[in-house]
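Undergrad: Attaching a predicted model along with its sequence, questions to come.
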Amino acid sequence: MQSVALVTGANRGIGFEIAQGLARQGYFVIATARHPAEARPAFIGQSVEVWELDQRYAGSVAHLAERLRRAPGRLDVLVNNAGVMLDSGRRSALALDPDVLRNTLDVNLVGALRVTQACAPLLRESPAGRIVNVSSSLASLDGMGSGTPAYRMSKTALNALTRILAAEFAGTTVKVNAMCPGWCRTEIGGPQAPRSAHEGADTALWLASLPEDGPSGGFFRDREPLAW
Ligand SMILES: NC(=O)c1ccc[n+]([C@@H]2O[C@H](COP(=O)([O-])OP(=O)(O)OC[C@H]3O[C@@H](n4cnc5c(N)ncnc54)[C@H](OP(=O)(O)O)[C@@H]3O)[C@@H](O)[C@H]2O)c1
């Protein structure tokens, strides 16, 4: 049976490139979007279905999980790509509106957790389950500085979740890793970024199809370990 991958936030940017890349590798891809009708035309002719998901809402995640259980009833790869940067251009944590932090965490951390919890039973049944969390080098405590504090904190927390999940899945066939795509030309990255979204997708595609002896609980950019 064809392996199945689910990519969140796949209607544009890096998620779109990851979904396309996985389809090219032979996966049946479920690409999620908040507005699926708008996203579907871009995937015509590919082994991709576009399903609705807004990961801020538990009901939306539960609906996705129920649909997944019914058919295809299998999941091998989950890419938690969906994300927001709501404090772009903001410098100071002292001036950060706590609601901006709360809304950022709701998508980047809590949303990713919700989706992972919902997908975990099927991933456990896969012969080679892979979870890829799309993080950022801005999350690295090693190089932590000021600017976009809500975004940074949300991705640092996503990195922590990556480590916790890797520990919980240890001894199973499921591997969990985080990655940074680099600075890419997307809505989040802006037009002056040096990389294309296509280039940014590469490490996620690599982590999605790691062999049995591949790493788990790591943080990578350009297929190389990145400091936590
Ligand atoms: N671009 C960079 O330089 C860069 C660098 C490091 C990390 N990243 C990370 O890469 C990932 C992809 O970002 P991108 O650069 O491709 O930006 P993007 O073009 O803005 O894509 C973000 C995606 O997340 C989706 N999304 C937002 N809120 C959502 C929600 N509540 N539920 C479900 N989906 C939601 C968006 O859907 P809508 O279209 O409906 O809003 C969109 O598909 C993010 O996690 C980002 O933090 C990006």
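TA: Yep, that arrived.
Undergrad: C-terminal to the longest helix belonging to the chain, what's the next element?
TA: Secondary structure of the chain per DSSP state H: the longest helix is helix 149-169. Per DSSP states H and E, the first helix or strand lying C-terminal to helix 149-169 is strand 175-179.
Undergrad: returning to that earlier point: spell out whether the longest helix of the chain and the ligand are in contact.
TA: No. Between helix 149-169 and the ligand, judged by Cβ under 6 Å from any ligand atom, nothing touches; the nearest distance is 6.7 Å. Every C-beta, even on glycine, is put in place using the N, C-alpha and C of the backbone.
Undergrad: residues from the chain in reach of the ligand?
TA: Counting by Cβ under 6 Å from any ligand atom, the residues of the chain near the ligand are 8-9, 11-15, 34, 53-56, 81-84, 107, 111, 134, 136, 180-181, 183-184, 186-189, 193, 197.
Undergrad: out of these, which are inside helices?
TA: Using DSSP H, those in helices are 13-15, 197.
Undergrad: ok, those residues vs the ligand, which is closest?
TA: Each of these was checked against the ligand using Cβ to the nearest ligand atom; the closest is G13, at 2.2 Å.
Undergrad: List the residues that contact that closest one.
TA: Shown in contact with G13 (Cβ atoms under 8 Å, 6 or more residues apart in numbering): 184, 186-188, 197.
Undergrad: Can I have the buried ones of those residues as a ChimeraX selection?
TA: Those of the contacts of G13 that count as buried under 16 or more other Cβ atoms under 10 Å are selected in ChimeraX with:
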select :184,186,188,197
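Undergrad: just the buried members of the residues of the chain next to the ligand?
TA: Using 16+ other Cβ under 10 Å, the buried ones in these are 8-9, 11, 13-15, 53-56, 81-84, 107, 111, 134, 136, 180-181, 183-184, 186, 188-189, 193, 197.
Undergrad: Give me the neighbour count for the residue nearest to G218 when sequence neighbours are not counted.
TA: Spatially, and ignoring its direct neighbours in sequence, G218 is nearest to N177 (4.9 Å; Cβ to Cβ, 6 or more residues apart in numbering). Using other Cβ atoms under 10 Å, N177 is surrounded by 26 other residues.
Undergrad: N177 reaches P225, doesn't it?
TA: No. If you go by Cβ atoms under 8 Å, N177 and P225 don't touch, sitting 10.1 Å apart.
Undergrad: Need the residues touching each of those two.
TA: Any residue near both N177 and P225 by Cβ under 8 Å, 6+ apart counts here, and that gives 218-219.
Undergrad: Other residues contacting stretch 216-228?
TA: Against stretch 216-228 from outside (Cβ under 8 Å, 6+ apart): 135, 137, 140-143, 159, 162-163, 166-167, 169-170, 174-182, 202-203, 206-207.
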